[in-house]
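Enquirer: Can you look at this prediction? I've put the sequence above it.
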Amino acid sequence: KAFISASGVNLKLGVTCSDDFESELKRTAIESAQERILLVDSSKLGKVQTGFFAEVKDFERIITDDGAPADTVAAIRALGVTVDVV
């Protein structure tokens, strides 16, 4: 299992971070994991940073807080990704 964080999660532009080295490391972890879990607080949803490293649908599960907009959570679930709001 790979537990990955991100600085930005955008349904159209993907999952991003602010550093190219970090994005390369995260891509490698994602590629070698059997299960990919994204951990992001709700403030990161809808944001975009410069270092793209994955599509939202590349994760089996996203864990976020209860500040996540319901429409964003529904759109992510529509991609087949499990969303846990804690």
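Expert: Structure's in. What do you need?
Enquirer: Lowest-scoring secondary structure element of the protein by mean pLDDT?
Expert: In the chain, the helix or strand scored least confidently by mean pLDDT, DSSP states H and E is helix 20-32, which has a mean of 94.
Enquirer: What residues sit buried inside that one?
Expert: By neighbour count on 16 or more other CB atoms under 10 Å, the buried set for helix 20-32 is Glu22, Ser23, Lys26, Arg27, Ile30. (Each C-beta comes from the backbone N, C-alpha and C, glycine too.)
Enquirer: Also stretch 64-71?
Expert: Neighbour-count burial for stretch 64-71 flags Thr64, Ala68 (criterion: 16+ other CB under 10 Å).
Enquirer: what do you get for stretch 73-80?
Expert: Neighbour-count burial for stretch 73-80, with 16+ other CB under 10 Å as criterion, is recorded at Val73, Ile76.
Enquirer: who's in contact with it?
Expert: Contact with stretch 73-80 is made by Leu11, Val56, Lys57, Ile62, Thr64, Val83, Val85, as judged by CB atoms under 8 Å, 6 or more residues apart in numbering.
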